[in-house]
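# the sequence isn't on hand, but the structure is:
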């Protein structure tokens, strides 16, 4: 158990007492599904990092002699219509997926926290109106609209998805700030003469961290699904970069003869999203003060 | 109550206005030339600079932004959304043809997912730990992780290619051929309702469990009420609010899903129209489509908010 505890992301919050962290880790690892999800994510991150070591084939180079090979020992998932090994492309696709998910999530989280930081001011009021408006547009449609404006490609998709998600984080953080502001210890800090910035960074942010962490984990799955959808439609990651959604689309014409081309990347997407969702659910239960002692 | 509804409608109108401003600005402030709203990119490349300037003047693109916005909005309010150069017809006419198709599929998926979601959630909630729960809960966890379009492709593989039970794609109006229309609808509806169904099921299950722990439920049991009465009158009734919220959140999911489902099953609806608009850079069609979808979503949020007080008499405004 102690060895596993090393790898849990919560470790980085210095402000939460270490016994607290130990409790959360204990509850988290007692849940079977959360552990399964955690292992899936850990394996996928490793796969993404060591992709070149795991794949004997180039994911991009066209090999016209080996077009549309059926699954065999040398190509466990066969090859696509330009002769590229499907398994290698799925493995490299892990990089694309994770890069988009973490990138978009990073933009959204930072923007969300910054907006909440202006809480109460005129900038805040303007931003919140803006955020409410963004929230009323379905996330994927907004991402689609922005992607159409910016054009495809990795960087643009990360920005488009990041903007589409910002509203959710801003909402969450503002709710946290609003709830936390009423606490007596904030009043006490203020009467001691602490600056707004200090209160924000030292007291509100660490306390808002658990719900933020849960939200981030759950939204990573959503991001991966959204990126896959955009790439499937054809305005996301542009070929020949391996992206799971685009692979599903390009394999579709061969569905009858070689279903694995379309079906295998979908399994990969479902696996990652399932992993993030289970880790998120596990974290939510472990961090929920209402469930303290119940679990 | 009436005052609340009026205030809420007013808020919804403000959101619609803000969305229109956002959509309007996004086309003007981003690098793309706003002239591309009216003419195709290849046309723009073939015109001389003087002709382009003349066109800009004709379209009012040389006016200041607020004036341009009012020009546009005053047309939108009169339901004049301009022309689509991809489809070579008025956007309003196009929308009138496309929206009913999407609504047909969307409303069926919405109703089925809401009703089945509550039933599945309640079943797995009150039979926690039994085989029903052990089937429903993992399935609903899996369902929220599946990519919509992939599910569609897998269904096509089995139902259309392997077993040949259903037509692969297409859409027929139920008024021309009801049987064919229904057969063509089965897969799109299944795919579209998958995500909202799983979300509602998960929410219904956890709210049921939450409500079942309350003291008044113990009281109801100890009064000797039958299981049916305890579940429907006491547990379910008290857990409905979060369930309705999640059902309401299904509307944006269904609209977003519609884009993918209509692409997979080649259905001529709003979603397919948006993709065509993006692919041919038909910005006018794109902005009109996003605007209409957002207005429908805002309206559905309004209905959900108002329904809270109808479901829960404790909610008073």
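Here it is on my side, so go on. Since this is a predicted model, take the numbers as computed values, not measurements.
# give the burial count for whichever residue of the stretch 151-295 of chain A sits closest to chain B, as a bare number.
Residue of the stretch 151-295 of chain A nearest chain B, by C-beta to the nearest C-beta: residue A:266 (3.3 Å). Any C-beta I mention is one placed from the backbone N, CA and C, and that applies to glycine too. A count of neighbours around residue A:266, defined by other C-beta atoms under 10 Å in any protein chain shown, yields 23.
# hang on, it packs against residue A:245?
No: contact criterion C-beta atoms under 8 Å: residue A:266 and residue A:245 do not qualify, at 9.1 Å.
# assign a three-state SS to the residue of the stretch 151-295 of chain A closest to chain B, would you?
helix (DSSP: H, G, I helix; E, B strand; the rest coil).
# who's in contact with it?
Counting by C-beta atoms under 8 Å, 6 or more residues apart in numbering or on different chains, residue A:266 touches A:244, A:248, B:146, B:147, B:150, B:151, B:153, B:154.
# what parts of the stretch 101-250 of chain A come near chain B?
A:129-130, A:132-134, A:136-142, A:144-150, A:221, A:225, A:228-229, A:232-235, A:245, A:248 (C-beta under 8 Å from any C-beta of the partner chain).
# coming back round to it: roughly how far apart are the residue of the stretch 151-295 of chain A closest to chain B and residue B:145?
Between residue A:266 and residue B:145 the distance is 11 Å, computed by C-beta to C-beta, to the nearest Å.
# do the same with residue A:65
37 Å.
# count of neighbours near the closest residue to residue A:24 other than its chain neighbours?
Among residues not flanking residue A:24 along the chain, residue A:286 sits closest, at 4.6 Å (C-beta to C-beta, 6 or more residues apart in numbering or on different chains). Residue A:286 has 24 neighbouring residues, counting by other C-beta under 10 Å.
# what does the pLDDT read for residue A:286?
Residue A:286 carries a pLDDT value of 82.
# check contacts around it.
Contacts of residue A:286 by C-beta under 8 Å, 6+ apart are A:24, A:25, A:27, A:28, A:31, A:34, A:295.
# which two among the residues you listed are spaced furthest apart?
By the measure C-beta to C-beta, A:25 and A:295 form the most distant pair in the contacts of residue A:286, at 12.6 Å.
# which one's more surrounded, these two?
Shown here are residue A:25 and residue A:295; by other C-beta under 10 Å, residue A:25 has more neighbours (20 against 12).
# which secondary structure element contains the residue nearest the centre of chain B?
Central residue of chain B (C-alpha atoms, centre = their mean): residue B:255, 2.6 Å from the mean position. Using DSSP states H and E, residue B:255 maps to helix B:237-264.
# who are the packing partners of that helix?
Helix B:237-264 sits against helix A:139-150, helix A:205-233, helix B:91-126, helix B:148-155, helix B:178-212, helix B:270-279, helix B:283-311, with contacts defined as 3 or more C-beta pairs under 8 Å, 6 or more residues apart in numbering or on different chains; DSSP states H and E.
# how far off centre is it?
In terms of C-alpha atoms, centre = their mean, to the nearest Å, the centre of helix B:237-264 is found 7 Å from the chain centre.
# so for residue A:65 and residue B:145, which residue has more residues nearby?
With neighbours defined as other C-beta under 10 Å, residue A:65 and residue B:145 compare such that residue B:145 has more, 21 against 7.
# quick check: that one vs chain A, distance?
4 Å (C-beta to the nearest C-beta, to the nearest Å).
# which elements pack onto the longest helix anywhere in chain A?
Determined from DSSP state H, the single longest helix within chain A is helix A:86-117. If you count contacts as 3+ C-beta pairs under 8 Å, 6+ apart, helix A:86-117 packs onto helix A:32-49, helix A:51-54, helix A:122-135, helix A:154-181, helix A:205-233, helix A:244-251, helix A:260-287.
# let's see that with 7 Å instead.
helix A:32-49, helix A:51-54, helix A:154-181, helix A:205-233, helix A:244-251, helix A:260-287 (3 or more C-beta pairs under 7 Å, 6 or more residues apart in numbering or on different chains; DSSP states H and E).
# so which of these is the most packed in?
Mean neighbour count (mean count of other C-beta atoms under 10 Å in any protein chain shown) peaks for helix A:244-251 among those, with a mean of 26.
# elements contacting that helix?
helix A:86-117, helix A:205-233, helix A:260-287, helix B:148-155.
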